[in-house]
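>>> Provided below are the primary sequence and the corresponding predicted coordinates.
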Amino acid sequence: MLDDFFTRAVIGGIGVALLAGPLGCFIVWRRLAYFGDTLSHSALLGVAIALLLELNITFTVFIISVGVAMLLLLLQRQARLSSDALLGLLAHATLAVGLVVLAFMTWVRVDLMGFLFGDILAINKADILTIWVGGLAVLIALAVIWKPLFAATVNYEIAVAEGLKPDRANFFFMVLMAAVIAISMKIVGVLLITALLIIPAATARRFSTTPEMMALVASIIGAASVWVGLEGSLQWDTPAGPSIVVAALLGFIISLLPIQWRLKRSSFTRANGGL
Amino acid sequence: MSEKRAALVSLNNAGVCVSGKWLVRGVSLDVSRGEIVTLIGPNGSGKSTTAKMALGVVNPSEGSAQCRRDIRVSYVPQKLAVDWTMPLTVKRFMALSHTANEKEVQRALSSTGTEHLKNAQVRNLSGGEFQRVLLARAVVNTPELLVLDEPVQGVDFNGEIALYRLIEEIRTELNCGIILISHDLHVVMSSTNQVICLNGHVCCSGSPEAVASAPEFRTLFGDRAANELAFYKHNHDHEHLPDRTIQELNNVSPASPHNLGDDASKNEELKRHA
C-alpha cells in the first residue's frame, strides 16, 4: 500500500493535518498567527544549517525553531520593541540569513521551492514514520499541558493565581510548535505551514461549542482538506502543497455561507413573531 | 489545620515598582480564614496590584508577600475578555482550572442564580450575568482564599446587594478568607472585617461602620440595603496633590478650604445625628 507515492502523500498529509488542528486552535485563540509565521520562516535557517553541518534536517529545524522562540521570549522581556515588530524582525532576518547561508554553499544544489512550498509527493516511508510517531508524541504532550495552557489562554492571571504554572505550559507549547513546524515542513513547506495551522481552526470555530470540540473538528477539516487538495492536484496537475491550502480555504468559505443564511432566517422569523 | 488563625496570606510592607515608578508601596495586610478585607481607593491607586501581590501574580519589588502554598485559591480578575474565536460554554468555563463534577457545577451556578446559563456561550453573556458566572467559577472548588477584583462592576444596585449577600454567605459557608476590591470609596460590605484605603500607599485603614446607624444612608439605600452595606469613615492625615506628591495635613494652614479634616468633622456630625 505504501509503495504508491500518492497513498504515501495522503497518509503523511493527514498525519500533519491531525496534528495541526489542536495547535492551530491555540494559534487562533492566542492571536499568534504571526508567531507561527516567524517560526516557519526560521525553519529555512534550520535547513541551511543542517545542510552546512550535514545534520538531520527535521531535527535541526526543530532545534533552530526552539532557539528562535526562546530568543523571542528573551527580547520580549527586554521590551525595547513591540512584539509584532520583533516577530517581523526575526521572521525576515532568519529567512534571509538562511538564504544567504544556502547561497554560500555552492557545492549543494538545494530545491528551494521544495522547502518553501513543500514536496508532499516525495514523502518516503521514513517521513511517514517521523510524522506519525513524532505527531503522536506532540499530541500526547499537548494533552498533558492542555488544562493549564487553555486556562492561561483564557486568562493568564487566573492561571497563575490558581496554581496552574502557566509559564511552564507556555514554554512547552513553544517547543511543540517548533516540533510541528519541523515535522510538517516537508509536507506543505515553510510558507504554507501557518495556513494549515490557521485555516482549519478558523473553519472549525463555526461548528464548535467547546474548545476541545474545536480542536477535534479542526483536525478533521484539515485531514479532509489534505485529501481533497491532493485529489485536486492529481486531477488538474497543480502543485500539491498549495492545492491543500486552497482546499482548506474552500472549506472555510463554504463554512461561512449556510451559517449566515441561517442567521438571517432566524432573525427574520423573530421579527415576524414580534408583529 | 491546628493553627486556625494563621494567616492565609500576608503582605509585609510590600510594594511594586515598574520601570522606575511605584504602583503601590508600603502595604501590610493579613487575611485569615473567615475574614473579609476590603480594598478601596481611587483609580490607579494600586488596589489590583496589591491583590496580585497577594496572589503571587506580581512579585513585590520591596517587602514581602507570603501566601500559603497548600491552600486552594480562586481569583476573579477585574477584566476578562473571552476572544470571539474561542468557543466556551459556561459549563466548560466552570472547569477552567479545577476539576469539578456535574453536581458541584450545578451548585455553584444555582448559588449565583445562573443555572439557566449553563449551556450559553461565555462571550454572549451580559455584564451582570458574566460577573455572576465569574463568581460561580471562583467558588466551584470551595476555595480557602478568594480574591475578588470589583466583583459587582456592571451589576445593577439590587443585584449588587444580592451579590454582597452571596459573598457573605460564601464566607460563612466555606469559612474562607476574602480579599475584596470595591469600586466605591465610601460604601463597603457591612461584613468586612478590615477596610484598607489605598492611594499608592495605605492612606488609612480600619473597620467599617454600619450604615444602619446613619439615617441618611438608610434613606438613600433603603432598609434592605442597610443590612448589607456599611459606611467607611476615612481618616487621612495627609493629602494627595495632583502631581502625586503627598502633603502632610498637619503642615496645612487651618484656613485651607478642602481639608480632609473638614470631612472628618462632617462625619462626626453624621454620627451625632444617628
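Structure's in. What do you need?

>>> Can you tell me the closest non-neighbouring residue to residue 35?
Just going to use chain A. A:Leu87 (6.1 Å; C-beta to C-beta, 6 or more residues apart in numbering or on different chains). All C-beta spots, glycine's among them, are computed from the backbone N, C-alpha and C.

>>> My question was about chain B, not that one.
B:Glu35's closest residue in space is B:Asn193 (C-beta to C-beta, 6+ apart), at 4.8 Å.

>>> confidence score at that neighbour?
pLDDT recorded at B:Asn193 is 83.

>>> distance of it from B:Gly56?
22 Å (C-beta to C-beta, to the nearest Å).

>>> follow-up on the earlier one: I'd like the distance from the host helix or strand of the residue nearest to A:Phe35 to the chain centre, please.
According to DSSP states H and E, A:Leu87 maps onto helix A:83-104. Counting by C-alpha atoms, centre = their mean, to the nearest Å, helix A:83-104 is centred 19 Å from the centre of its parent chain.

>>> Next to chain A in this structure, residues from the stretch 51-200 of chain B, please.
With C-beta under 8 Å from any C-beta of the partner chain as the criterion, the stretch 51-200 of chain B meets chain A at residues B:52, B:55-57, B:73-75, B:77, B:80, B:82-83, B:85-89, B:92-93, B:96-98, B:119, B:121, B:147.

>>> Which among the residues you listed count as buried?
B:52, B:55-57, B:73-75, B:77, B:80, B:82, B:86-89, B:92-93, B:96-98, B:121, B:147 (16 or more other C-beta atoms under 10 Å in any protein chain shown).

>>> what ranges do the strands span in the chain?
Reading this off chain A. For chain A, applying DSSP state E gives no strands.

>>> Please refer instead to chain B.
Along chain B, the stretches classed as strands by DSSP E are B:9-18, B:21-31, B:36-40, B:62-67, B:73-76, B:145-149, B:177-181, B:187-189, B:194-198, B:202-206, B:209-210, B:229-231, B:238-240, B:246-248.

>>> Could you pull out the buried residues of stretch B:143-158?
B:143-153, B:155.

>>> where does the chain have low pLDDT?
Because you didn't say which chain, this covers chain A. Where chain A drops to pLDDT under 70, the residues are A:1-2, A:79, A:258-275.

>>> other chain: chain B
Low-confidence segments of chain B (pLDDT under 70): B:1-5, B:210-227, B:231, B:250-274.

>>> the domain parsing of it - what is it?
What automatic domain parsing lists as the domains of chain B is B:1-72+B:145-209, B:78-141.

>>> right, and those domains - which one's nearest A:Arg8?
Taking C-beta to C-beta, domain B:78-141 is the member of the domains of chain B nearest to A:Arg8, at 34.0 Å.

>>> Next, the distance between the ends of that closest one.
Domain B:78-141 has an end-to-end distance of 20 Å (criterion: C-alpha to C-alpha, to the nearest Å).

>>> same deal with stretch B:24-42?
12 Å.

>>> List the buried residues of it.
Under the neighbour-count criterion of 16+ other C-beta under 10 Å, stretch B:24-42 has B:24-25, B:27, B:29-33, B:35-41 buried.

>>> just the CA coordinates of stretch B:162-176, formatted as CSV?
Presented in CSV, the C-alpha positions along stretch B:162-176 are these (Å, rounded to 0.1, in the frame of the first residue of the first chain):
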residue,chain,number,x,y,z
ALA,B,162,-27.6,40.4,46.3
LEU,B,163,-24.0,39.7,45.3
TYR,B,164,-22.7,41.2,48.5
ARG,B,165,-25.1,38.9,50.4
LEU,B,166,-23.9,36.0,48.4
ILE,B,167,-20.2,36.8,49.2
GLU,B,168,-21.1,37.0,52.8
GLU,B,169,-22.8,33.6,52.5
ILE,B,170,-19.8,32.1,50.8
ARG,B,171,-17.6,33.4,53.6
THR,B,172,-19.8,31.8,56.2
GLU,B,173,-20.3,28.6,54.4
LEU,B,174,-16.7,28.0,53.2
ASN,B,175,-15.0,29.8,56.1
CYS,B,176,-12.6,31.2,53.5
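
>>> Run through who's touching that stretch.
The contact list for stretch B:162-176 (C-beta atoms under 8 Å, 6 or more residues apart in numbering or on different chains) reads B:33-34, B:36, B:111-113, B:131-132, B:135, B:139, B:142-146, B:148, B:151-152, B:155, B:178, B:180, B:189, B:191, B:228-229.

>>> Show me which positions of it end up buried.
Going by 16+ other C-beta under 10 Å, stretch B:162-176 has these buried residues: B:162-164, B:166-168, B:170-171, B:174, B:176.

>>> repeat for stretch A:176-188
Buried-residue list, stretch A:176-188, by 16+ other C-beta under 10 Å: A:176-188.

>>> and it, how far out from the chain's middle?
Mean C-alpha position of stretch A:176-188 versus that of the full chain (C-alpha atoms, centre = their mean) differs by 7 Å.

>>> I'd guessed A:Ala201 sits against A:Ala218; true?
Yes. A:Ala201 lies in contact with A:Ala218 (C-beta atoms under 8 Å); the separation is 4.4 Å.
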